[in-house]
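> Got a predicted model here, sequence first, then my questions.
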Amino acid sequence: MNTLGTTHLPNPTHRETRRRLKSLGWTLLAIILLGFMLFPLYWIINISLMHQTDILQYPPPFVPPQLTLDGYRSALTTAGEYIQVSLIYGLGTVIVTLLIAAPASYALAKIHTRLVSFMLFALILAQMAPGTVVANSLYAAFSRLGLLNSYLAVILADATIAVPFAIIVMRAFMVGIPRELFEAATVDGAGQWRIFRSIVLPLSRTAIITASLFSFLFGWGDFLFALTLNSDPHHTPITVGIYRFIGSFSVEWPSVMAIAVIASVPAVLLLVVAQRYIAAGITTGAIKE
Amino acid sequence: MKSAPKQDRDDLAVVRSGKGAATFAAPSPRLPGWQRRDRRISFLFLVPALIFVLVFYVYPIAYNILMSVTRYTAKSFVTGEAPFVGLGNFQRLVNHPSFGTSVSNTIAFTLGSLFFQFTIGLAFALFFQRKFPLSGVFRALLLVPWLMPVIVSGAVWVRLLDMDYGVVNFVVRTLGLTSQPIAWLTDPHLAPISVLIANIWIGIPFNMVVLYGGLQAIPESLYEAAAIDGAGSWQRFRYISWPLLRPVSTVVLLLGLVYTLKVFDVIMAITRGGPANVSHTLNTFAYSLSFTTLDFGLGAAAGDVLMAVVLVFGLIYLRYAYGVERELTG
């Protein structure tokens, strides 16, 4: 096409418009498909803006017959504490995970022995252990240690999901740091700790952010460990709160769905702020060793 | 990793002779002396992770196995006594009226989830292979159901599948498929299917993202060459995308398998294993035995069974993923 450009001048522009129309057609189709896939998300928002009485209508109203923020008002009063607790679990998981995983990733990126591959495999396998098994035995262990019903119990259990993932993501990144940098630093008299702190950590920012985001989501969204390891009513996170609400005899759906919207905010926020990190995290975690 | 062996020997000679500083910049697979000391310090960086692995993976798994051969009840926490019962728990487990249902549910749930998540995820990935305005934004939006807490997804499906006021029944009835509203959540035959539907929905984005990544890695030139040879879009999929995507597909399916075996939150949110224990999988069954019936030994036994299955497929995954990696790096 480009070699014949001068002789067929009107043709390419014609083709260009056709191509553009066609791609707009794809966008339209995508919107329809997305409408189906994301309908449940719309439904959460729809119900969160309704009155309880409008929930009990048939056919179900596709837009709130009467817009109201009552759901959010009651959500904030009943779920304010849940949000705080979820934040503690999310941030706590990030801190514990990074403290354990960052140095380990560095060591595993630097050393190339059989022990390293063995440890990576062990981590991947360990992370596959069903949560109920971990909860079952940690419940017994924590009750003996007096850790049951503490924030730490849940945070440590949440870290069991986050640590392997974080190590895989961060190590894959740190392997790519040129060896010459470490060597030059060593020549300049820097010790291991110094190299780790002043070279490796700043250079691995992307991987650290990715690992932190996912660790936060693991802690924030955890349900099983919070349900089993902490029954203190003041340590109820938003997930367990929603679970209790939808199990009660008469469910205040607008308020529950408003809480659900609040519970989804971090996920949406992280997607907006850090989409490339998240896509990167999913693919590294799944495909690379 | 794969530098010439001659270079290798040269480096070592320099290091041994003690005047190696000038050649340090040359990357070498063997470790010079200073790096060997270095390596010992590097292991220190591993210590926190090793302790964590021992305390939070090795110990729980071992202790779970130990619990499964004792009569471990709520009283055991107080008295510390849990009499050894050998394989008694496993015998009780197999004879439990809900064990059979849980096992067949686990199989059906896993196969159903994998099949639909994968095919729909692949369809979306292929769809997004075309370039059109806003496709990046759309792909990001599709991730939301996967990133938000699973309990939230479960909660909205409870609402959507509601017998009297749910949208699903509204659609089904408007289309004239049934005259009576369907009891998605309370009918013992339908409750497991309801959970399956919600779980498929949750898993589609993960499959889409990873398969999309796999598709992006296929060189554009292959498609161009095929187009010149007159291949249609089906032929391009059948003879280029599908075969070249196989390693990625296998990894996605194996990972999906392991993760589906462990699904907990969706089931708990939608049916809690009910009505009358018909929608339990092994995982939620193990939970209910331990934390509802407080028969921790029996729950541990169910956990053991699940763990064994997960371990088998986990090892297959590792072997496959590791093999693929080796193939790629030569």
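Structure's in. What do you need? Numbers count the residues shown, from 1 in each chain, chains lettered A, B, ... in the order given.
> Going by C-alpha atoms from here, please, whenever you check contacts or count neighbours.
Noted.
> in stretch B:124-131, what counts as buried?
By 16 or more other Cα atoms under 10 Å in any protein chain shown, the buried positions in stretch B:124-131 come out as B:F124, B:A125, B:L126, B:F127, B:F128.
> and the residue lying closest to A:I83 once chain neighbours are set aside, how many residues sit next to it?
Leaving aside its chain neighbours, A:I83 sits nearest to A:I238 (5.8 Å; criterion: Cα to Cα, 6 or more residues apart in numbering or on different chains). Residues lying near A:I238 (other Cα atoms under 10 Å in any protein chain shown) number 30.
> Check B:L160 too.
Counted by other Cα under 10 Å, the residues lying close to B:L160 total 21.
> OK, contacts around it?
Listed by Cα atoms under 8 Å, 6 or more residues apart in numbering or on different chains, the contact set of B:L160 reads A:P40, B:G166, B:V167, B:V168.
> burial count for whatever residue of the stretch 151-289 of chain A ends up closest to chain B?
Nearest residue of the stretch 151-289 of chain A to chain B, counting by Cα to the nearest Cα: A:G221, 4.5 Å away. Neighbours of A:G221 under the rule other Cα under 10 Å: 29.
> With A:L138 instead?
Neighbourhood size, A:L138 [other Cα under 10 Å]: 29.
> what about it, helix or strand, and which?
Assigned by DSSP states H and E, A:L138 belongs to helix A:131-145.
> Quick check: the residue of the stretch 151-289 of chain A closest to chain B vs B:G121, distance?
Per Cα to Cα, to the nearest Å, A:G221 is found 23 Å from B:G121.
> Local confidence estimate at A:I32?
For A:I32, the pLDDT comes out at 93.
> Mind checking what secondary structure it has?
When classified by DSSP: H, G, I helix; E, B strand; the rest coil, A:I32 comes out as helix.
> Relative to A:N46, how far out is it?
18 Å.
> of the two, who's got more company?
Between A:I32 and A:N46, counted using other Cα under 10 Å, the more crowded position is A:N46 (18 against 12).
> What residues of the helix or strand the more buried one falls within count as buried?
Using DSSP H and E, A:N46 falls within helix A:39-48. Across helix A:39-48, burial judged by 16+ other Cα under 10 Å covers A:P40, A:L41, A:Y42, A:W43, A:I44, A:I45, A:N46, A:I47, A:S48.
> Taking those residues, tell me the two that lie furthest apart.
Pairwise distances across the buried residues of helix A:39-48 peak at 12.3 Å for A:P40 and A:S48 (criterion: Cα to Cα).
> so who does the residue of the stretch 151-289 of chain A closest to chain B touch?
Taking Cα under 8 Å, 6+ apart, we find A:G221 in contact with A:S86, A:T239, B:M148, B:P149, B:V150, B:I151.
> What number of neighbouring residues does the third one come out with?
As a burial measure, the neighbour count of B:M148 was computed by other Cα under 10 Å and equals 23.
> In this structure it contacts A:V261, no?
No: assessed by Cα atoms under 8 Å, B:M148 is found out of contact with A:V261, at 9.5 Å.
> Who are the packing partners of the helix holding A:N46?
In terms of contacts (3 or more Cα pairs under 8 Å, 6 or more residues apart in numbering or on different chains; DSSP states H and E), helix A:39-48 is packed against helix A:253-287, helix B:150-160.
> tilt between it and helix B:150-160?
80 degrees (axes from the mean of the first three to the mean of the last three Cα atoms, to 10 degrees).
> Output helix A:39-48 as PDB, nothing but the C-alphas.
Taking Å, rounded to 0.1, in the frame of the first residue of the first chain, the C-alpha atoms of helix A:39-48 are listed here in PDB:
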ATOM      1  CA  PHE A  39     -23.900  -5.800  35.200                       C
ATOM      2  CA  PRO A  40     -23.500  -7.200  38.700                       C
ATOM      3  CA  LEU A  41     -21.300  -4.200  39.600                       C
ATOM      4  CA  TYR A  42     -23.900  -1.900  38.300                       C
ATOM      5  CA  TRP A  43     -26.500  -3.700  40.400                       C
ATOM      6  CA  ILE A  44     -24.500  -3.100  43.600                       C
ATOM      7  CA  ILE A  45     -24.500   0.600  42.900                       C
ATOM      8  CA  ASN A  46     -28.200   0.600  41.800                       C
ATOM      9  CA  ILE A  47     -29.300  -1.100  45.000                       C
ATOM     10  CA  SER A  48     -27.100   1.000  47.200                       C
END
